[in-house]
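1. any chance you could fold what I've pasted below:
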Amino acid sequence: LDAPQYNHNFLGYILKMKTVIALALLGTAAAFAPQAKVSQTSTLQASIDPLDPSIGVTAPLGVYDPLGWLDPAKDPANKFATFHARFERRRAVERKHGRVAMIAVVGMLFHNANIEFPGYLSKELGIRFSDIPDGMNGLFSVPLAGLTQIFFFCGVCELAIWPAKNYSGDYGCGYGRPFVANRLEGDELKYKLDMEINQGRAAMLGIFGAMVGEAVTGQTLAEQVASGNLIGYGPP
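-> So this is what the prediction gives:
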């Protein structure tokens, strides 16, 4: 391609990826989100436990328990743990994985749109942030020292900042109202907790789907969008 045509295609690709980001962020706010808030009840006026099994129970799925583990008699952990401990652990794991997946999806979209940190990842090795490729190959392009820092940062978060033993999921960061007091109650708190669980579930499916798509097609998300191979069946 000549230079003008190449530049035109490249700019079109960037615009397309930024449009994908905008649509994905807007869609995440709607897909898997709980239904509109209902009128307040005396139950919701009371303190809401983030470990309440009703959190995340929204239409159309309702209570999603395909293996029946909410029935202690069917739970494979029935012989070595109490119901409360079993459910606490599983809900805490679901919530934390959902939070990580939401960050991963946003990071994936931004990186695939060539929106990256300026400067060097490793000045000594001459590696810029923009030198790290998109997709799973990017993990193998980070120097060992960088991977070690990531590993220890995650360990500090798990042990001290956001300890895994805190099953409530409340680490003093609030529930989605930045720069103001984050102590929510009643319907608003229930709405936020439902939203977090359901959007976390959507994000886990989304990032896993992106990884599978890359493994099947051999293309990153950006390359799939640019080639029209978004679902793995080739250009339309």
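
2. show me what contacts the nearest residue to residue 120 once chain neighbours are set aside?
-> Leaving aside its sequence neighbours, residue 120 sits nearest to residue 128 (CB to CB, 6 or more residues apart in numbering; 5.4 Å). Bear in mind the C-beta positions are built from the backbone N, C-alpha and C, glycine included. Applying CB atoms under 8 Å, 6 or more residues apart in numbering to residue 128 gives the contacts 119, 120, 121.

3. quick check, the second one in contact with residue 131.
-> No. Residue 120 is beyond contact range of residue 131, at 9.0 Å (criterion: CB atoms under 8 Å).

4. immediately after the helix or strand of the chain with the lowest mean pLDDT, which helix or strand?
-> In the chain, the helix or strand scored least confidently by mean pLDDT, DSSP states H and E is helix 42-45, which has a mean of 39. Remark: after helix 42-45, the chain's next helix or strand is helix 83-112, criterion DSSP states H and E.

5. which strands and helices sit next to whichever helix or strand comes after that following helix?
-> Where DSSP H and E defines the elements, the next helix or strand beyond helix 83-112 is strand 120-122. The criterion is 3 or more CB pairs under 8 Å, 6 or more residues apart in numbering; DSSP states H and E, and the helices and strands that strand 120-122 contacts are strand 127-128, helix 144-156.

6. tell me which of these is the most buried.
-> Mean neighbours per residue, mean count of other CB atoms under 10 Å, is largest over those for strand 127-128, with a mean of 15.

7. quickly run through the sheet partners of that one, with directions.
-> Taking DSSP bridges as the criterion, strand 127-128 forms sheet pairs with strand 120-122 (antiparallel).

8. now the helices and strands packed on strand 120-122 in a markdown table, with mean pLDDT and distance to residue 110?
-> Below are the helices and strands packed on strand 120-122 laid out as a markdown table (pLDDT from 0 to 100; distance: least, CB to CB, whole Å):
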| stretch | mean pLDDT | distance to residue 110 |
| --- | --- | --- |
| strand 127-128 | 89 | 16 |
| helix 144-156 | 91 | 18 |
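
9. same list (these) but as a markdown table, adding distance to residue 217.
-> Putting the helices and strands packed on strand 120-122 into a markdown table (distance: least, CB to CB, whole Å) gives the following:
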| stretch | distance to residue 217 |
| --- | --- |
| strand 127-128 | 27 |
| helix 144-156 | 26 |
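
10. mind listing what's buried in stretch 123-136?
-> 127, 132, 134, 135 (16 or more other CB atoms under 10 Å).

11. give the residue spans of the protein that score low on pLDDT.
-> 1-47, 80-85, 172-184, 230-236 (pLDDT under 70).

12. in PyMOL, select just the buried ones from the contacts of residue 128.
-> This is how PyMOL selects the buried members of the contacts of residue 128, with burial counted by 16+ other CB under 10 Å:
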select buried, resi 121
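
13. quick one: which of the contacts of residue 128 is nearest residue 198?
-> The nearest member of the contacts of residue 128 to residue 198, counting by CB to CB, is residue 121 at 34.6 Å.

14. pretty sure that closest one contacts residue 138?
-> No. Residue 121 is beyond contact range of residue 138, at 10.6 Å (criterion: CB under 8 Å).

15. and residue 113, backbone torsions?
-> With angles defined as degrees, to the nearest 10, residue 113 sits at phi -90, psi 10.

16. that one contacts residue 222, doesn't it?
-> Yes. In this structure, residue 113 is within contact of residue 222 by CB under 8 Å, at 7.2 Å.

17. just to revisit the earlier point, in TSV, list the contacts of residue 128 along with distance to residue 95.
-> Shown next, in TSV, are these (distance: CB to CB, whole Å):
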residue	distance to residue 95
119	34
120	35
121	31
